[in-house]
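Novice: Kindly generate the corresponding structure for this input.
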Amino acid sequence: MKTIRTSHRARPSRRGFRTLTALAATVALLAGCGGGDSDAGSTGSSSSDGGSITFLIDSLGSSWVPNSSSISSFQGNVYNQIYDKLVYVDDNGEASPWIAESWENNADYTQFTLHLKSGVTFSDGEKLDAAAVVANLDYWAKGQADKGIPSIGLFPKTYTGATAVDDTTVTVAFSEPTLGFIPTLGYAGSVLFAPKALEGSAEDQADLSKNFGSGPYVVQSWKADDSVVLVKRDDYAWGPAAIGNTGAAHIEQITFKVNADPAVRTAAVQSGQADVAYNPTPQQINDLKGDGFTVYTPVYLGFTNGFALNTQVAPFDDVKVRQAVQHGIDRDEILSTVYTEDWKAARSFFNDTVPGVADESAEFAYDPDQAAQLLAEAGYTEGADGTLTKDGQPLELTLYPNPYLGASKQVDQLIATQLGKLGFKVSVQAYDVITYGEKIKVGAANVAAYEITRSIGDASTAANVFTDANSGENWFGLGQSDQTIDELGASIRSATDPTARDQDLEALQKHVLEQAYFIPITQIVQRPLLTSPKLTGLVHDSTAFAKFAAATLD
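Specialist: Sure thing, here's the model as predicted:
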């Protein structure tokens with residue numbers, strides 16, 4: 001669910017005035033540098049329709065290839081305005097019609113029939129008909145190996161194909177029961193692209209101006225990792241009823257402008273030079289709640305923030321060391337030191353927004369004495385400098401903060417201190433978004449602990465990331481060596497009874513946490529926004545991306 005904090009005062013606080021003035025001057029200089037074809041300032045309208053907004057964002061990522069960037073915390077903000085989905089899934093996990101106005105399934109959930117709205121078109125003029133939907137389903141499920149474009153990792157692996165029955169009817173077939181198919185259609189990566197765009201080369205698909213969608217906005221201009229300018233599509237008439245506007249957007253133009261400094265982004269909104277600041281820090285959120293601005297702190301349907309531990313790399317090839325890390329992290333200290341009340345304690349490796357989440361927090365409760373005992377049982381003894389050693393090797397660990405999360409470095413530094421008290425020698429190495437993507441890979445031999453979070457379409461697909469079965473992502477380096485995960489994952493994927501599925505899902509959560517493959521840190525507030533009080537009507541979906549189609553400027 002999202003938490004919205006709005007106060008009643010519309011002026012910046014005096015305590016931040018001097019800093020605000022200096023930073024606003026910086027933004028004024030930046031606004032004239034490569035901002036695209038639009039005015040970078042806000043030009044609000046007195047009516048409910050019209051005006052433009054500026055959205056300051058940390059980065060626009062390194063690629064616009066759909067299947068490789070569609071779940072990015074950055075590109076997804078743009079994608080959510082220019083592409084539609086078959087189904088809308090809200091921030092409580094409830095699915096409702098969008099391009100698919102209705103659907104049904106057979107008794108064992110191996111075949112679904114989607115009934116599409118008629119008259120929908122992509123911005124390049126192509127029809128969004130059954131044939132276009134089939135092309136997209138194949139793209140999500142299979143990718144394009146000949147072009148180096150992967151499938152969507154959390155799309156159901158049981159997909160066998162889809163058929164266009166007529167212009168507005170699609171049947172979708174699966175090799176096994178696939179209870180979670182419909183919710184998966186609301187996943188961040190399940191966006192509908194014009195078929196001609198999908199036929200393009202990888203280079204063409206990386207060109208945002210050639211990736212046509214059917215959404216309420218279209219791309220006017222873009223400059224790599226600098227800006228994207230969107231303008232509304234006047235003939236749009238098929239939005240999801242759940243957001244409160246099925247027709248054309250009210251706001252005429254959105255300019256996404258890159259600025260890597262959260263203080264500058266925040267100051268720009270405070271001074272009125274921008275309307276939205278992405279990823280304000282927890283401290284900024286705390287300070288700004290009383291200053292007349294709106295702060296959105298959505299929690300998406302997906303995994304908590306945590307570490308995927310590589311069982312193929314020392315010291316995490318030893319379950320006792322993994323369990324020691326679990327019990328050696330003081331999450332209450334992290335929540336009280338780094339975050340605000342909007343961040344909640346983790347109960348599992350899922351956020352509480354996920355249907356089927358179970359309370360397994362006892363498996364990773366803070367207990368430094370138990371952690372020390374586990375390390376002793378694993379054969380570690382204290383060296384001269386206080387670092388634990390085994391067979392002459394120090395107990396070392398490098399943490400790589402997740403650059404998609406604003407407070408990640410601060411959290412990792414605190415965890416390094418906590419584990420250091422147990423005898424770990426921990427270093428923290430931070431990279432920017434692009435370098436992180438190049439150097440830090442889940443499962444890589446140089447990465448023992450990969451800080452990760454992930455939105456999901458449905459909990460049924462979660463086990464796909466744990467092993468390499470069915471081209472899974474193999475987060476823990478297990479391959480298919482853990483029979484319990486394999487069996488529970490298969491049972492969850494093939495379930496036809498939601499109650500039985502949730503029982504297996506609870507067992508999976510318990511097993512993964514007992515084995516300390518995944519180390520939860522906190523439930524994750526992902527994609528927080530600071531907005532001008534003039535901007536109202538933003539809606540967050542299950543992926544925690546904001547939709548602007550129903551938003552207005554006062």
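
Novice: Distance check, residue 343 against residue 383.
Specialist: 36 Å (Cβ to Cβ, to the nearest Å). For the C-beta atoms, the positions are set from N, CA and C on the backbone; glycine is no exception.

Novice: The two: which has the busier surroundings?
Specialist: residue 343 (22 against 15; other Cβ atoms under 10 Å).

Novice: Let me see the contact set for the more buried one.
Specialist: 282, 335, 522-525 (Cβ atoms under 8 Å, 6 or more residues apart in numbering).

Novice: which SSE is residue 164 in?
Specialist: Under the criterion of DSSP states H and E, residue 164 resides in strand 159-166.

Novice: tell me what that strand is packed against?
Specialist: helix 130-142, strand 169-174 (3 or more Cβ pairs under 8 Å, 6 or more residues apart in numbering; DSSP states H and E).

Novice: For the ones you listed, give me a markdown table that also has mean pLDDT.
Specialist: Output for the helices and strands packed on strand 159-166, formatted as a markdown table (pLDDT from 0 to 100):
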| stretch | mean pLDDT |
| --- | --- |
| helix 130-142 | 97 |
| strand 169-174 | 98 |
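
Novice: Where does pLDDT dip in the stretch 101-250 of the chain?
Specialist: For the stretch 101-250 of the chain, no stretch is flagged by pLDDT under 70.

Novice: show me where it has helices.
Specialist: Using DSSP state H, counting those that start in this stretch, the helices of the stretch 101-250 of the chain run over 130-142, 181-184, 195-198, 202-205.

Novice: Need the residues that contact the second one.
Specialist: Counting by Cβ under 8 Å, 6+ apart, the neighbours of helix 181-184 from elsewhere in the structure are 87, 89, 93, 95, 103, 105, 109, 112, 154-156, 172, 174, 190, 457-458, 461, 542.

Novice: hmm, 6 Å instead?
Specialist: 87, 89, 95, 112, 156, 457-458 (Cβ atoms under 6 Å, 6 or more residues apart in numbering).

Novice: hang on, the earlier thing: tell me which strands the strand holding residue 164 pairs with, and in which orientation.
Specialist: strand 169-174 (antiparallel) (DSSP bridges).

Novice: tell me which residues of the partner strand are tucked away?
Specialist: 170-172, 174 (16 or more other Cβ atoms under 10 Å).

Novice: same check, this time on stretch 90-100
Specialist: 90-91, 93, 95, 97-100.

Novice: quick one: contacts of that stretch?
Specialist: Contacts for stretch 90-100 (Cβ under 6 Å, 6+ apart): 1-2, 84-89, 114, 116-117, 182-183, 240, 242, 301, 355, 540, 542.

Novice: Report the buried members of those residues.
Specialist: 2, 84-89, 114, 116-117, 182-183, 240, 242, 301, 355, 540, 542.

Novice: what about residue 440, how many neighbours?
Specialist: Other residues near residue 440 come to 19 when the count uses other Cβ under 10 Å.

Novice: Verify the stated contact: it with residue 398.
Specialist: No - the criterion here is Cβ atoms under 6 Å, and residue 440 misses it with residue 398 at 9.9 Å.

Novice: Go through the helices of the stretch 101-250 of the chain and pick out the most buried.
Specialist: Comparing the helices of the stretch 101-250 of the chain by mean neighbour count (mean count of other Cβ atoms under 10 Å), helix 181-184 ranks first with a mean of 24.

Novice: Which residue ranges of the stretch 101-250 of the chain form strands?
Specialist: Listed in chain order, the strands of the stretch 101-250 of the chain (DSSP state E, counting those that start in this stretch) span 111-116, 159-166, 169-174, 217-223, 227-232.

Novice: Columns distance to residue 393 on top of these, output as a markdown table?
Specialist: Below are those laid out as a markdown table (distance: least, Cβ to Cβ, whole Å):
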| stretch | distance to residue 393 |
| --- | --- |
| strand 111-116 | 53 |
| strand 159-166 | 45 |
| strand 169-174 | 48 |
| strand 217-223 | 49 |
| strand 227-232 | 48 |
